[in-house]
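Trainee: need the 3D shape of this:
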Amino acid sequence: MTASHSLSFKALFTRYVETINRRLAQVAAEELSGSPDSLYAPARYMLSLGGKRLRPALTLLICDLLGGDVTTAERPAVAVEMFHNFTLIHDDIMDKALLRRNQPTVHEKWDLNTGILSGDLLLIYAYKILTAQDHPRLLEILHLFNKTAVEVCEGQQYDMDFERRMDVTEEEYLCMITLKTATLLGACLQLGGILADAPTKLKTQLYSFGKDLGIAFQIQDDILDLYGEREKVGKQQGGDIIANKKTFLFIKALELATPEDRQRLRQLFSNETSLPPNEKVAAVQEIFDRYDVYHHTCRIRDAYYERAMHTLQTLPVTADIRQVLTLLARGIVYRDR
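Mentor: The predicted structure follows:
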């Protein structure tokens with residue numbers, strides 16, 4: 001497949017997403033139908049909420065671009081999406097989030113314990129689906145999957161730890177989002193390379209390309225959390241502020257603020273404030289806007305996007321493939337939802 005394929009890029013990517021959704025529906029109907037239903041129904045509900053399906057679609061895309069058999073990549077790609085949804089259920093619990101994709105989160109719709117167990121179930125089924133297929137590179141796939149899963153957990157713990165700290169540095173923040181978000185994006189591209197039997201160097205380069213894209217992706221996510229349209233983003237506006245997340249916006253504001261505003265920010269991001277959530281978000285945003293942290297954050301996002309594009313230029317692939325990946329990168333980073 002090349003960029004000159006008769007389908008447009010958007011239509012082509014939509015086809016991968018449709019494949020993943022079809023496979024997930026099949027898994028929900030055939031494998032997540034056990035008893036008690038109070039365990040399985042929340043897992044099915046989470047998968048039914050939809051989403052971008054970006055990560056598994058990336059695996060299928062890379063496999064296809066490199067001449068691999070996409071049908072053999074479908075189950076590993078579905079396993080990636082189930083793992084991702086497991087992390088989202090648990091993240092929502094830790095963040096006390098009310099909404100996911102404009103719908104009640106699992107723990108809100110059911111309860112905390114059910115949320116924990118149904119998230120665990122998705123993780124177990126991710127491994128079950130991943131290992132059910134006899135693939136000649138299964139050990140390599142499992143090594144990548146396990147390494148990525150550990151790193152995601154490490155990143156999540158850093159994120160939780162940072163909620164109790166006011167001295168998080170830019171370097172620490174970038175390390176956290178690399179582990180929590182970017183490594184999974186990089187792994188999805190590398191997985192596509194593994195499934196297409198790509199050379200080792202290319203698989204490593206794909207991982208680097210995806211990791212830098214993932215950092216830019218997460219920074220854009222932080223921007224959209226506060227400055228995006230709730231209807232498009234599908235989450236509570238200012239959720240990161242309500243959860244005392246130390247995003248780049250917060251770190252840059254602390255760096256630029258006057259001593260008075262710095263003290264006010266620290267108070268707002270501590271348990272000392274008794275403001276209702278919407279008033280807390282408004283107060284923080286007022287300080288952010290005073291120091292134009294939005295544009296400072298856009299610049300660091302753009303820097304990682306450019307790093308990814310530099311890596312892309314070094315990939316030993318055709319110009320057509322490079323063009324597709326360029327369109328992909330821009331769509332991932334400069335999105336509005």
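Trainee: make it CA atoms for all contacts and neighbour counts henceforth
Mentor: Will do.
Trainee: can you pull out the strands in the chain?
Mentor: Taking DSSP state E as the criterion, the chain carries its strands at 99-100, 103-104.
Trainee: so which bits of stretch 136-143 are buried?
Mentor: 138, 141-142 (16 or more other Cα atoms under 10 Å).
Trainee: what separation do you get for the closest residue to residue 198 other than its chain neighbours and residue 59?
Mentor: Once flanking residues are discounted, residue 198 sits nearest to residue 66: 7.3 Å by Cα to Cα, 6 or more residues apart in numbering. Distance of residue 66 to residue 59, given as Cα to Cα, to the nearest Å: 11 Å.
Trainee: same check, this time on residue 286
Mentor: Residue 286 is 40 Å from residue 59, by Cα to Cα.
Trainee: again with residue 291
Mentor: Applying Cα to Cα to residue 291 and residue 59 gives a distance of 39 Å.
Trainee: these two: which is more packed in?
Mentor: residue 59 (30 against 17; other Cα atoms under 10 Å).
Trainee: now that one, nearest residue through space, not along the chain?
Mentor: Nearest residue to residue 59, sequence neighbours excluded (Cα to Cα, 6+ apart): residue 192, at 4.3 Å.
Trainee: does residue 329 touch residue 213 like I think?
Mentor: Yes. Contact criterion Cα atoms under 8 Å: residue 329 and residue 213 qualify, at 6.8 Å.
Trainee: hang on, the earlier thing: name the residues contacting each of residue 66 and residue 59.
Mentor: Common neighbours of residue 66 and residue 59 (criterion: Cα atoms under 8 Å, 6 or more residues apart in numbering): residue 193.
Trainee: do you know how far residue 35 is from residue 41?
Mentor: For residue 35, the distance to residue 41 equals 9 Å [Cα to Cα].
Trainee: of the two, which one has the most company?
Mentor: residue 41 (19 against 9).
Trainee: would you check how far apart the more buried one and residue 103 are?
Mentor: Applying Cα to Cα, the value for residue 41 to residue 103 is 15 Å.
Trainee: dump the strands of the chain into TSV; add mean neighbour count and distance to residue 218 as well.
Mentor: Converted to TSV, the strands of the chain look like this (neighbours: other Cα atoms under 10 Å; distance: least, Cα to Cα, whole Å):
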stretch	mean neighbour count	distance to residue 218
strand 99-100	18	17
strand 103-104	15	21
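Trainee: mean pLDDT lowest where, among these?
Mentor: With a mean of 90, strand 99-100 has the lowest mean pLDDT of the strands of the chain.
Trainee: partner strands of that one, with direction?
Mentor: Next to strand 99-100 in the sheet, as set by DSSP bridges, lie strand 103-104 (antiparallel).
Trainee: C-alpha coordinates for stretch 236-245, PDB please?
Mentor: C-alpha atoms of stretch 236-245 as PDB (Å, rounded to 0.1, in the frame of the first residue of the first chain):
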ATOM      1  CA  GLN A 236     -14.800  17.400  32.000                       C
ATOM      2  CA  GLN A 237     -13.200  20.800  31.200                       C
ATOM      3  CA  GLY A 238     -10.200  21.500  33.400                       C
ATOM      4  CA  GLY A 239     -10.100  17.900  34.800                       C
ATOM      5  CA  ASP A 240      -6.400  18.100  35.100                       C
ATOM      6  CA  ILE A 241      -6.700  21.200  37.300                       C
ATOM      7  CA  ILE A 242      -9.400  19.600  39.500                       C
ATOM      8  CA  ALA A 243      -7.200  16.600  39.900                       C
ATOM      9  CA  ASN A 244      -4.100  18.800  40.700                       C
ATOM     10  CA  LYS A 245      -2.200  17.400  37.700                       C
END
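Trainee: could you give me the average pLDDT of it?
Mentor: Rounded mean pLDDT across stretch 236-245 is 89.
Trainee: what does it contact?
Mentor: Stretch 236-245 has contacts (Cα under 8 Å, 6+ apart) with 95-99, 159, 162-163, 222, 225-230, 246-247, 269-270, 277, 280-281, 284.
Trainee: could you pull out the buried residues of it?
Mentor: Neighbour-count burial for stretch 236-245 [16+ other Cα under 10 Å]: 236-245.
Trainee: likewise stretch 289-302?
Mentor: Those would be 291, 293-294, 297-298, 300-302, for stretch 289-302 by 16+ other Cα under 10 Å.
Trainee: what's the spacing between the nearest residue to residue 20 once chain neighbours are set aside and residue 131?
Mentor: Leaving aside its chain neighbours, residue 20 sits nearest to residue 78 (6.3 Å; criterion: Cα to Cα, 6+ apart). Separation of residue 78 from residue 131 (Cα to Cα): 12 Å.
Trainee: what distance do you get for residue 163 to residue 121?
Mentor: To residue 121, residue 163 is 27 Å away according to Cα to Cα.
Trainee: ok, back up a step: take the buried residues of stretch 236-245 and write them to JSON lines, including distance to residue 180.
Mentor: As requested, the buried residues of stretch 236-245 are exported to JSON lines (distance: Cα to Cα, whole Å):
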{"residue": "236", "distance to residue 180": "20"}
{"residue": "237", "distance to residue 180": "21"}
{"residue": "238", "distance to residue 180": "19"}
{"residue": "239", "distance to residue 180": "17"}
{"residue": "240", "distance to residue 180": "15"}
{"residue": "241", "distance to residue 180": "18"}
{"residue": "242", "distance to residue 180": "19"}
{"residue": "243", "distance to residue 180": "16"}
{"residue": "244", "distance to residue 180": "17"}
{"residue": "245", "distance to residue 180": "13"}
